[in-house]
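Trainee: Sharing a model prediction with you, sequence too.
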Amino acid sequence: MDADLRSNLFQQAKDWVMEAGANIKAKIDDPLTINTKSNAKDLVTHMDQETERFFQTKIKKKYPDHFLLSEEGYGDNLSNLDGIVWIIDPIDGTMNFVQQKRNFAISVGIYLDGIGEIGIIYNVMDDVLYHAIRGEGAFKDDVRLPKLKESLTLEESMIGLNHNWLCRNRLVKEDTMQQLVRKVRGTRTYGSAALEFAYVAEGIMDGYLTMGLAPWDVAAGIVIVNEVGGVTTTIDGQSVNMLTTNPIITCNSEIHSQVIVEYIKKGRK
Ligand code: IPD
Ligand code: CA
Ligand code: CA
Ligand code: CA
């Protein structure tokens, strides 16, 4: 992508993210309409929909030839990633939004022909913005994030892991993840995939493993993690298909293959 176009697109996307964030913040104490989707824990509120609608209206008006891939139904039905595609999660961490009124993010990735060019993750209530432009580094607000630690061992690592990994599940046999939990220094669960990617990029977590993430959960995070030298693959080490849901690991590259080879592969169902 042409450097000028990329920098204009970033500025525009960032302005819209800040505007959407300000709207959510202004309405944070308003009564919420909460509905469920695939199951009783899969929540959606009118603010998820309103925020996605905001992006859809802005993008389609200013960039009619761009596409939108997004969670709440206002996006395009895409069968490929040709052209410029905005991959947006209007509120990532809806359960946190509902239960806690914090610890959620707006996540915007902009891809050209399947390649992530721009990633923006905005922690709305903390007012912290992570971003990256491909080849230009990653930033937390205006501070450049350093490359991830070298010579990292699993014993020194902190890993983001949803507790469902420790229940009986369809991906790994019992005691697979328990062994990993025993090996690492610590585990954390934040409830927003986008923020967990941002924390891996920031180096305050060394990896994040998740059973099933959609493109809008990871699009921005992948770009940001890449820029500090981290890697994101499926839990089997394959490249991520940005048109489907994938079980995903994003990680400091020092421990990526060790987690896959010594833990996941051994216990994979
Ligand atoms: C969810 C959050 C959550 C992750 C789920 C996602 P949503 O996104 O990122 O942390 O565990 O897999 O679906 O629904 O709140 O946008
Ligand atoms: Ca959701
Ligand atoms: Ca999400
Ligand atoms: Ca969402």
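Mentor: Perfect, I can see it now. Residues are numbered from 1 along each chain as shown. Ligands and ions are numbered 1, 2, ... in the order given.
Trainee: use CA for all of it now, contacts and neighbours both
Mentor: Fine.
Trainee: Those residues of the stretch 51-200 of the chain touching ligand 1, which are they?
Mentor: Ile91, Asp92, Gly93, Thr94, Met95, Gly191, Ser192, Ala193 (C-alpha under 6 Å from any ligand atom).
Trainee: For the residues you listed, which entry has the maximal number of neighbours?
Mentor: Within these, Ile91 tops the neighbour count with 30 neighbours, counted by other C-alpha atoms under 10 Å.
Trainee: got the CA positions of the helix or strand hosting Arg182 in PDB?
Mentor: Taking DSSP states H and E as the definition, Arg182 sits inside helix 176-183. Listed next in PDB are the C-alpha coordinates belonging to helix 176-183 (Å, rounded to 0.1, in the frame of the first residue of the first chain):
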ATOM      1  CA  THR A 176      -2.300 -30.800  28.400                       C
ATOM      2  CA  MET A 177      -2.900 -27.200  29.400                       C
ATOM      3  CA  GLN A 178      -2.500 -28.100  33.100                       C
ATOM      4  CA  GLN A 179       1.100 -29.100  32.300                       C
ATOM      5  CA  LEU A 180       1.700 -25.800  30.600                       C
ATOM      6  CA  VAL A 181       0.100 -23.900  33.500                       C
ATOM      7  CA  ARG A 182       2.400 -25.700  35.900                       C
ATOM      8  CA  LYS A 183       5.500 -24.900  33.700                       C
END
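Trainee: Show me how far that helix is from its chain's centre.
Mentor: How far helix 176-183 lies from its chain's middle: 24 Å, per C-alpha atoms, centre = their mean, to the nearest Å.
Trainee: Buried residues of it, list them for me.
Mentor: Residues of helix 176-183 classed as buried: Thr176, Met177, Leu180, Val181 (neighbour count, 16 or more other C-alpha atoms under 10 Å).
Trainee: on that earlier part again, out of the residues of the stretch 51-200 of the chain next to ligand 1, which are inside strands?
Mentor: Ile91, Asp92 (DSSP state E).
Trainee: Any chance you could list what contacts the lengthiest helix in the chain?
Mentor: Secondary structure of the chain per DSSP state H: the longest helix is helix 3-26. Defining contact as C-alpha atoms under 8 Å, 6 or more residues apart in numbering, one finds that helix 3-26 is touched by 47, 51, 54-55, 106, 108, 117-118, 120, 122, 124-125, 133.
Trainee: okay, those residues in a markdown table with pLDDT, secondary structure and neighbour count next?
Mentor: As requested, these are exported to a markdown table (pLDDT from 0 to 100; DSSP: H, G, I helix; E, B strand; the rest coil; neighbours: other C-alpha atoms under 10 Å):
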| residue | pLDDT | secondary structure | neighbour count |
| --- | --- | --- | --- |
| Met47 | 98 | helix | 20 |
| Thr51 | 98 | helix | 21 |
| Phe54 | 98 | helix | 16 |
| Phe55 | 98 | helix | 23 |
| Ile106 | 99 | strand | 28 |
| Val108 | 99 | strand | 30 |
| Glu117 | 98 | strand | 24 |
| Ile118 | 98 | strand | 29 |
| Ile120 | 99 | strand | 31 |
| Tyr122 | 99 | strand | 27 |
| Val124 | 98 | coil | 23 |
| Met125 | 98 | coil | 17 |
| Ile133 | 97 | strand | 24 |
